[in-house]
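In: Okay, structure incoming, though there's no sequence with it:
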């Protein structure tokens, strides 16, 4: 990839660098720019991207559970339909009682994503309107998308099992043998046995 | 045996003959298997040859098709629907998800074994079953009806306490009226 082709991406990155304090920033490849900011910088960065840099479309918002660091990473994905560039704005908050600013006054559809993340990961958003219950019904346990929620144990406890599938094997060990890669410790913890 | 006069009265044979040739399915798609129903119904496979056709409401329906995985949330609705249907009623478990959980066997919100919660008359295996398999399942159900063996609704009445206990184990906030006969 020649330097000229990444002009627009670099321009955006320079603008953001000048304006805000970025923890980490990079042009990952063509049409993809990633920046990491503090939670309190989220609203200024998103507003700036929307109003000044024409990142008018809110494509997606998702969450990653970094259990090893004790943090959640929330990713806001914006899309500029003129330059055709994706802007990834990432932020990290503490796993226990982390609070993020609510952004549904910038894009109304963010409300849906935030409610889903609130239900599936237990992250609270300041001043988020909407029922606490979103997709799950009468859920009384830990938010199910957290990595410390033991799904296999929960299924064993809650649902019936029809005999005849005991020969199902753990695929991770097979993959480990084939690729000569070490199975990480956190994966061993949640193994089937 | 098709017309077994020793085990059934002649009235039952006529009644069952009529029942098996007009199976009205409830058009309630619960999982991804519902996508196999349109080809089964339309001109390519034309299930209406067998007297199988859709109906609009639970009150008019004979057959409840559970097409695929059932989340605990939709199980609540399915039970509500099943109890509104009038006797005789039949349940067909459709796809491997209803048999042993299929690919959702370790999901936190899908049930694994359907016949613990509702009386299933016929299971159709496959992920997904092709329309041929669906029709084969219906023909099997028709045979059972003719023999007077498709009596899941009767079993449900007799073992209502057991079924209710299993259902309430999952549906913690039970807001529906209890089924009474």
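Out: Looks like it arrived, so ask away. Predicted model, so just to flag it, every value in this text is computed and none were measured.
In: okay, now the domains of chain A?
Out: Taking automatic domain parsing as the criterion, chain A consists of the domains A:4-149, A:153-193.
In: Do you know the pLDDT at the residue minimising distance to the centre of chain B?
Out: The centroid of chain B falls nearest to residue B:91 when counting by C-alpha atoms, centre = their mean (1.5 Å). For residue B:91, the pLDDT comes out at 93.
In: Would you mind listing what in chain B touches chain A?
Out: Taking C-beta under 8 Å from any C-beta of the partner chain as the criterion, chain B approaches chain A at residues B:72-73, B:76, B:99-101, B:105-109, B:111-113, B:116, B:166, B:169-173. Where you see a C-beta, it was placed from the backbone N, CA and C, and this is true even at glycine.
In: Check the domains of chain A for me and report the most buried one.
Out: Of the domains of chain A, the one with the most neighbours on average (mean count of other C-beta atoms under 10 Å in any protein chain shown) is domain A:4-149, at a mean of 16.
In: Any residue of it touching chain B?
Out: Yes: Domain A:4-149 is in contact with chain B by C-beta under 8 Å from any C-beta, via A:136, A:137, A:138, A:140, A:144, A:149.
In: Flag every buried residue along the longest helix along chain B.
Out: For chain B, the helix that runs over the most residues, judged by DSSP state H, is helix B:131-147. Residues of helix B:131-147 classed as buried: B:131, B:133-135, B:137-138, B:140-142, B:144-147 (neighbour count, 16 or more other C-beta atoms under 10 Å in any protein chain shown).
In: and which of those is nearest to residue B:56?
Out: Nearest to residue B:56, judged by C-beta to C-beta, of these is residue B:138 at 19.4 Å.
In: Contacts only, for the closest one.
Out: B:23, B:47, B:50, B:52, B:92, B:122 (C-beta atoms under 8 Å, 6 or more residues apart in numbering or on different chains).
In: again, but for residue A:35
Out: Residues near residue A:35 by C-beta under 8 Å, 6+ apart: A:13, A:16, A:22, A:24, A:25, A:45, A:87, A:88, A:89, A:90.
In: you'd agree the first one is in a helix?
Out: Yes: counting by DSSP: H, G, I helix; E, B strand; the rest coil, residue A:13 is located in a helix.
In: I'd like to know which of the residues of chain B next to chain A are buried.
Out: Counted by 16+ other C-beta under 10 Å, the residues of chain B next to chain A give B:72, B:76, B:99-101, B:105-109, B:111-113, B:116, B:166, B:170-171 as buried.
In: Among these, name the ones in helices.
Out: Using DSSP H, those in helices are B:72, B:76, B:99, B:100, B:166, B:170.
In: Just give the closest residue to the fifth one, not the sequence neighbours.
Out: The one in question is residue B:166. Among residues not flanking residue B:166 along the chain, residue B:116 sits closest, at 4.9 Å (C-beta to C-beta, 6 or more residues apart in numbering or on different chains).
In: Go ahead and confirm the one you found touches residue A:162.
Out: No: here residue B:116 lies out of contact with residue A:162, judged by C-beta atoms under 8 Å, at a distance of 9.3 Å.
In: among the residues of domain A:4-149 next to chain B, which are in helices?
Out: Among the residues of domain A:4-149 next to chain B, DSSP H puts none in helices.
In: Reformat these as CSV; add pLDDT.
Out: Listed next are the residues of domain A:4-149 next to chain B as CSV, based on pLDDT from 0 to 100:
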residue, pLDDT
A:136, 88
A:137, 85
A:138, 85
A:140, 86
A:144, 91
A:149, 89
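In: quick one on the thing from earlier: any figure for the gap between the residue nearest to residue B:166 and residue A:23?
Out: Applying C-beta to C-beta, to the nearest Å, the value for residue B:116 to residue A:23 is 51 Å.
In: Distance from the chain centre to the longest helix of chain B, please.
Out: Distance of helix B:131-147 from its chain centroid, counting by C-alpha atoms, centre = their mean, to the nearest Å, is 12 Å.
In: Ok, stretch B:54-63 next?
Out: Chain-centre distance of stretch B:54-63: 12 Å, with C-alpha atoms, centre = their mean.
In: quick one, helices of the chain?
Out: No chain in the question, so chain A it is. For chain A, the helices defined by DSSP H occupy A:7-19, A:42-51, A:110-121, A:151-158, A:171-179, A:185-189.
In: The chain in question should be chain B.
Out: Under DSSP H, chain B gives helices at B:10-20, B:37-41, B:72-84, B:96-100, B:131-147, B:152-158, B:160-170.
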